[in-house]
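[1] Provide a 3D model corresponding to the input given below.
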Amino acid sequence: MTIKTPVPPFTRETTREKVRLAEDAWNSRDPERVSKAYSVDTHWRNRAEFVDGREAVIGFLQRKWLRELDYRLIKEPWAFDGNRIAVRFAYEWHDDSGNWYRSFGNENWEFNEQGLMIIRHACINDCPIKAEERAFFWPLGRRPDDHHELSSFGF
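    Next comes the predicted model:
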């Protein structure tokens, strides 16, 4: 049986840890790595797309990162209770034509006893930005510990 710590019930500290671990995994842009945080029967709603199962998550993420280039994400806990966490986030990316976007969203997560996410609901809005309006400049991959948190940007 796979255990993905921290496990519920969540505290303020373990919520922050769980959210940062998710951010780090998504910033790796490695669908296999990201998928390991989800149960094999996970259920997602991402925008208007429904994704069922870990294998479908991998396919979804592969398609996502073929479209969303130079992806950089910051997640921030919003609320938690028991086995649920609410998160707000923003990420920047560009398409293959060089058009930049900042995507804003909220996620609701539910976890099983092993700490694997069983439900993920994501609402996301894309805002076109100019390259000079970008705010996330760390090297691709994990956001450095000394980089600003999401709230500091005022988004």
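[2] Report how many residues lie close to Leu66.
    9 (other C-beta atoms under 10 Å). To be clear about C-beta, it is placed using only N, CA and C from the backbone, and glycine gets the same treatment.
[3] One more: Gly98?
    Gly98 - counted by other C-beta under 10 Å - has 8 other residues nearby.
[4] what do you get for the one 5 residues further on?
    The criterion is other C-beta under 10 Å. On that basis, Ser103 has 17 neighbouring residues.
[5] mind checking the SS state of it?
    At Ser103 the chain is in strand, as set by DSSP: H, G, I helix; E, B strand; the rest coil.
[6] residues in contact with Asp41?
    Taking C-beta atoms under 8 Å, 6 or more residues apart in numbering, we find Asp41 in contact with Asp52, Gly53, Arg54, Ile118.
[7] which element is it on?
    Following DSSP states H and E, one finds Asp41 within strand 38-46.
[8] who's in contact with the helix or strand following that strand?
    Proceeding C-terminally, strand 38-46 gives way to strand 49-52 as the next helix or strand, assigned by DSSP H and E. Strand 49-52 has contacts (C-beta under 8 Å, 6+ apart) with Asp41, Thr42, His43, Trp44, Arg45, Val57, Phe60.
[9] Out of those, grab the one that's most surrounded.
    Neighbour count (other C-beta under 10 Å) singles out Val57 as the most crowded of those, with 24 neighbours.
[10] how about it, phi and psi?
    Reported as degrees, to the nearest 10, the phi and psi values for Val57 are phi -60, psi -50.
[11] which non-adjacent residue is nearest it?
    In this structure, Val57 finds its nearest non-sequential neighbour in Ser35, 4.8 Å apart by C-beta to C-beta, 6 or more residues apart in numbering.
[12] and the one you found, what is it in contact with?
    Going by C-beta under 8 Å, 6+ apart, Ser35 touches Arg54, Glu55, Val57, Ile58, Leu61.
[13] Right, I'll call it a day here.
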